[in-house]
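Trainee: For reference, the sequence and a predicted model appear below.
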Protein chains: 2
Amino acid sequence: MTNISNWRELETRLTMAKEIVVTMHMNPDGDALGSSAAMALLLSNLGKRVRVISMSPVPDNYLFLNKLYKIEQYEAGSHNFFLAHCDLGIFLDVGDLSRAGKVGEALQKSSAPLISIDHHPGNGHKRLTMEMIDTSACSTATMIFDLIQAIFPEKLNRQIAEALYVGILTDTGSFRFSNTTARTFDVVRHLLGYGISPPEIYQAVYEQSSIARMRLLGMVLSNLRFELDKRIVWVVITQDMVKKVGGDPDDTDGFNDLLRTIQGVDVSLIFKERHDGDTRVNFRAKGKIRINETAKKLGGGGHPQASGAILKLPIDKAIEKTLPLLIADVKAQL
Amino acid sequence: MTNISNWRELETRLTMAKEIVVTMHMNPDGDALGSSAAMALLLSNLGKRVRVISMSPVPDNYLFLNKLYKIEQYEAGSHNFFLAHCDLGIFLDVGDLSRAGKVGEALQKSSAPLISIDHHPGNGHKRLTMEMIDTSACSTATMIFDLIQAIFPEKLNRQIAEALYVGILTDTGSFRFSNTTARTFDVVRHLLGYGISPPEIYQAVYEQSSIARMRLLGMVLSNLRFELDKRIVWVVITQDMVKKVGGDPDDTDGFNDLLRTIQGVDVSLIFKERHDGDTRVNFRAKGKIRINETAKKLGGGGHPQASGAILKLPIDKAIEKTLPLLIADVKAQL
């Protein structure tokens, strides 16, 4: 947990501010969105004027969060004035300020103090007034919980609890990823005291697959390929496949997690053909195998067991380049 | 939670017994197996001679529980003497005594007192000396936890905690089914105090898919069929499909849960052709829809949102019989 003296400094800054922007990384996930909604609800309860502005649209399965607090997608005309004149900017779950897109750029140009709260490693951006990092936290949402407990415990309510639960649920993969700890369950148990319903939230987030997504998954699972004594499984998703099922190429969340469940598999990867003809590669690893170094060699990055890269190559060339590199890197770790 | 006075009577019976059989339902799941291992560990720590005897083999993904306590598959020659001469029989998670197969029959013929501990509704079998039922519990494992807390709190240890966690994890579908409550997280939080690792247990249980299972899932998802404005999704698994992928027809756990995640779907069902040519139907429902009455009409039963039946019909006839019945039942609930 973050040192309480930091929370005190943060308390002063939050108390002084009147007009606040909360933002998050592009292509936001449940933790970025849930943490932002929770933070906005808290500050709004404290009488602040708060806008949550996201560079990317909110994915369909998180639209229900708008009922808790409106998450606006950035538009220069609607937002630039507020971004330039707010008196506090809060970055949640961003990792690197550049990942907040034009919202981040506008905040950096403003004269407002900027604060980052994150469970990813920080990078000490010089424009930040405060950077609160807790890499032991399973999610940014648990850090917001810590903040509320430390300085505004009476402000926690059912809506905030629901938003925080979304962050914890999704960043732990429903309590299955390696970041799930006793502390995770402590926080969740506390949140459940506010009457939230885990199964309802689960359904809202996860039980929203399109039929096209299921058919695409069917095609993917019918064409599994293996390397290195079946320690590596890989699949291909082309624009043609996506068109055939009438699907959305971005709607493949969770495919890699499913591939990783195959017995004996250490690494799963998905090669996805992009609209522009380039190729996106996503890696997942389990056990003792790490794949972020491989992703780095390809110009990407990420977590030790969940990384990715975009290769400026057509899909067949991307496969030719990636597989030998990955096989060598995995072999070196066996 | 079960009334403490019942636990006191149970304490007396457990303390008096010397040779104990613990058994569970056929085709055991994580809760049946985890609860049994935990109960056996507890009683063994109390100095009892305990054998866990299951009518069915332990599924591959639960074999790791044998490291905690040996779960033996019933064999007349090895077990009948012990079953006839034990001085206590404990049924865990069985629902109905008949679901324990020949192990249950042998115990009923013995002169030992018989106890059932279960979170399914009981049916007051006359041969039972004690029947402890708590339908508000998410799992039988949480009832074993209650028992230990009530009468042997100092006996809880890491091994027992791990076995109990398996039961809770699997019966709540990793904290997503509607039986997940604040109490669930209370118990889990307590178990985590004994140093167990949720991600490791998750991997052991769930990340053990065979390649054949994945390919079978691929075939299933490539052939989705819909009824009633896509409120009902159904799929077919034939012996031919299973042979084609070199799979195991019983290895389809979780397929229905995945189908149920499709947006707008209220009911998912799987028609599975059995070795003997009969057809097994499995139903899952979500939201306000209940399907156990439909299952009953087909000679089966189960929970309101997870039921099944075996039809003595070839698969095409089973489909012809089931679909109109189901469509009418779902329509009546809209």
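Mentor: Great, that's in hand.

Trainee: Okay, buried residues for stretch A:188-206 please.
Mentor: The neighbour-count criterion (16 or more other C-beta atoms under 10 Å in any protein chain shown) identifies A:188-192, A:194, A:196, A:198-199, A:201-206 as the buried residues of stretch A:188-206. From N, CA and C alone the C-beta is placed, and that goes for glycine too.

Trainee: how far does the helix or strand bottoming out on mean pLDDT in chain A sit from the chain's center?
Mentor: For chain A, scoring each helix and strand by mean pLDDT, DSSP states H and E identifies strand A:301-303 as the least confident one, at a mean of 78. Relative to the chain's own centre, strand A:301-303 is displaced by 12 Å; criterion: C-alpha atoms, centre = their mean, to the nearest Å.

Trainee: hmm, who's touching the helix or strand just after that strand?
Mentor: Sequence order places strand A:306-311 as the next helix or strand after strand A:301-303, per DSSP states H and E. The list of residues contacting strand A:306-311 from outside it, by C-beta atoms under 8 Å, 6 or more residues apart in numbering or on different chains, reads A:274, A:278-285, A:291-292, A:294-296, A:298-302, A:317-318, A:321-322.

Trainee: try 6 Å this time
Mentor: A:278-284, A:291-292, A:295, A:298-300, A:302, A:318 (C-beta atoms under 6 Å, 6 or more residues apart in numbering or on different chains).

Trainee: Just the CA trace of that strand, in PDB.
Mentor: Provided in PDB are the C-alpha atoms of strand A:306-311 (Å, rounded to 0.1, in the frame of the first residue of the first chain):
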ATOM      1  CA  ALA A 306       1.400 -10.400 -21.600                       C
ATOM      2  CA  SER A 307       3.100  -8.400 -24.300                       C
ATOM      3  CA  GLY A 308       2.600  -7.200 -27.900                       C
ATOM      4  CA  ALA A 309       4.100  -5.500 -30.900                       C
ATOM      5  CA  ILE A 310       3.000  -4.100 -34.200                       C
ATOM      6  CA  LEU A 311       5.200  -5.200 -37.100                       C
END
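
Trainee: Can you name the element that comes right after that strand?
Mentor: Using DSSP H and E, the helix or strand that directly follows strand A:306-311 along the chain is helix A:315-333.

Trainee: Check which helices and strands whichever strand or helix holds residue A:15 sits against.
Mentor: Taking DSSP H and E as the definition, one finds residue A:15 inside helix A:4-16. Counting by 3 or more C-beta pairs under 6 Å, 6 or more residues apart in numbering or on different chains; DSSP states H and E, the packing neighbours recorded for helix A:4-16 are helix A:140-151.

Trainee: next structured bit after the helix it packs on?
Mentor: helix A:158-171.

Trainee: Helix A:140-151 and that following helix, what's the angle between them?
Mentor: Using axes from the mean of the first three to the mean of the last three C-alpha atoms, to 10 degrees, the direction of helix A:158-171 lies 140 degrees away from that of helix A:140-151.

Trainee: picking that back up, list, out of the buried residues of stretch A:188-206, those positioned next to chain B.
Mentor: The residues of these that also fall near chain B, by C-beta under 6 Å from any C-beta of the partner chain, are A:188, A:189, A:192, A:198, A:199, A:202.

Trainee: quick one on the thing from earlier: what residues of whichever helix or strand comes after the helix holding residue A:15 count as buried?
Mentor: Following the chain from helix A:4-16 toward its C-terminal end, the next helix or strand by DSSP H and E is strand A:19-24. Going by neighbour count (16+ other C-beta under 10 Å), the buried part of strand A:19-24 is A:20, A:21, A:22, A:23, A:24.

Trainee: re earlier: are any of the contacts of strand A:306-311 buried, and which?
Mentor: For these, a neighbour count by 16+ other C-beta under 10 Å gives the buried set as A:279-284, A:291-292, A:295, A:298, A:300, A:302, A:318.

Trainee: From these, which land in strands?
Mentor: A:279, A:280, A:281, A:282, A:283, A:284, A:302 (DSSP state E).

Trainee: any chance of the ones next to chain B among the buried residues of stretch A:188-206 in CSV, plus pLDDT and secondary structure?
Mentor: Formatted as CSV, the entries for those read as follows, by pLDDT from 0 to 100; DSSP: H, G, I helix; E, B strand; the rest coil:
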residue, pLDDT, secondary structure
A:188, 97, helix
A:189, 95, helix
A:192, 95, helix
A:198, 95, helix
A:199, 90, helix
A:202, 94, helix
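
Trainee: and residue A:32, how many neighbours?
Mentor: Number of residues near residue A:32 (other C-beta atoms under 10 Å in any protein chain shown) recorded here: 31.

Trainee: Once you drop chain neighbours, what's closest to it?
Mentor: The shortest distance from residue A:32 to any non-neighbouring residue, by C-beta to C-beta, 6 or more residues apart in numbering or on different chains, is to residue A:24 (3.7 Å).

Trainee: residues contacting the one you found?
Mentor: Counting by C-beta under 6 Å, 6+ apart, residue A:24 makes contact with A:32, A:36, A:54, A:92, A:93.

Trainee: Touching, the fourth one and residue A:140? I think so.
Mentor: Yes. With contacts defined as C-beta atoms under 6 Å, residue A:92 counts as touching residue A:140 at a distance of 5.4 Å.

Trainee: Touching both of the two, which residues are there?
Mentor: If you check residue A:92 and residue A:140 against C-beta under 6 Å, 6+ apart, the residues they both contact are residue A:35.

Trainee: that older thread, distance to residue A:235 for the ones next to chain B among the buried residues of stretch A:188-206 - can I get that in TSV?
Mentor: Converted to TSV, those look like this (distance: C-beta to C-beta, whole Å):
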residue	distance to residue A:235
A:188	33
A:189	38
A:192	38
A:198	31
A:199	31
A:202	26
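
Trainee: thinking again about what came up before, and which of the contacts of strand A:306-311 is nearest chain B?
Mentor: Distance to chain B, by C-beta to the nearest C-beta, is smallest for residue A:284 among the contacts of strand A:306-311, at 10.9 Å.

Trainee: Hmm, residue A:260 and that closest one touching each other?
Mentor: Yes. The pair residue A:284 and residue A:260 passes the contact test of C-beta under 6 Å, sitting 4.8 Å apart.

Trainee: Spell out which residues are contacts of both of these two.
Mentor: Between them, residue A:284 and residue A:260 share these contacting residues under C-beta under 6 Å, 6+ apart: residue A:268.

Trainee: Just the buried positions in stretch A:103-115, please.
Mentor: So stretch A:103-115, judged by 16+ other C-beta under 10 Å, has buried residues A:103, A:104, A:106, A:107, A:108, A:110, A:112, A:113, A:114, A:115.
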